[in-house]
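**Student:** Just a sequence and a predicted model for now, questions to come.
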Amino acid sequence: MKKLVLIVFCLISWTITANAQQRESNDSQRAEQALAEQLGPERLPLDVLTALSDANRAILVQEGNQNAASIQQMRTSGASLGNLVNLVQVGSGNAATIEQAGAATRTSVEQYGTNNWVESDINGLNTESQIRQTGANNRVEQDLDVDNRRYTVEQTGRNNQLIQRENGTTTPGYEVQMRGNGIRIIIEQGRVLP
């Protein structure tokens, strides 16, 4: 009789644990779906989507730990077409590497969590780059060899670092906001002579 009670107790405990894990997984899936719906491509301005309707597009939302994204877009023909990256990473251990070449290039990277890292290399004309990081251990390294460029870098948290190298024949339009502790900014600007 004691064995039967013990077996029934074990089965009930296992069933309750399995149901709790299943509910947790469903809750997690609902949270991920809500995040994707909230931060998806509909956040992009309509004029950007319309202007880049024939562009190379990479739209990615990653949620969880150890997120990594590597995006390479090379459209150098068709001056009005261009490249679009819209990347959102939520969790810890976020890393993004982006390489773009061409005209009308748009980059948007948002990272929320710890150990955020972005490396961006953009080559072309009429370029926009927007990078936002919230959390600890933020780092951005960006190389821009472009004209008619605008970029924004926002970092909130600890151990912030921005290293940016620029080349171009026109004056850049940019905004850098860093709020937090170990802020370090290096922006090197040069002009390419014809």
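**Tutor:** Cool, got the structure. Numbering: from 1, shown residues only.

**Student:** can you give me the helices for this protein?
**Tutor:** 2-39, 46-51 (DSSP state H).

**Student:** and those, which one's lowest on average pLDDT?
**Tutor:** Mean pLDDT values for the helices of the chain show the minimum at helix 46-51, a mean of 46.

**Student:** where in the chain is pLDDT low?
**Tutor:** For the chain, applying pLDDT under 70 flags the ranges 1-54, 76-81, 191-194.

**Student:** quick check: domain ranges of it?
**Tutor:** Following automatic domain parsing, one gets these domains for the chain: 1-39, 42-190.

**Student:** Please verify my assumption that G93 contacts N115.
**Tutor:** Yes. G93 lies in contact with N115 (Cβ atoms under 8 Å); the separation is 5.1 Å. (Glycine included, C-beta is placed from N, CA and C.)

**Student:** Strands of the protein, start to end?
**Tutor:** According to DSSP state E, the chain carries its strands in the segments 56-63, 68-74, 83-90, 95-101, 106-112, 117-136, 139-158, 162-167, 173-180, 185-190.

**Student:** Now mean neighbour count too, for those strands, in JSON lines please.
**Tutor:** As requested, the strands of the chain are arranged in JSON lines below (neighbours: other Cβ atoms under 10 Å):
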{"stretch": "strand 56-63", "mean neighbour count": "17"}
{"stretch": "strand 68-74", "mean neighbour count": "15"}
{"stretch": "strand 83-90", "mean neighbour count": "24"}
{"stretch": "strand 95-101", "mean neighbour count": "20"}
{"stretch": "strand 106-112", "mean neighbour count": "23"}
{"stretch": "strand 117-136", "mean neighbour count": "21"}
{"stretch": "strand 139-158", "mean neighbour count": "20"}
{"stretch": "strand 162-167", "mean neighbour count": "18"}
{"stretch": "strand 173-180", "mean neighbour count": "14"}
{"stretch": "strand 185-190", "mean neighbour count": "12"}
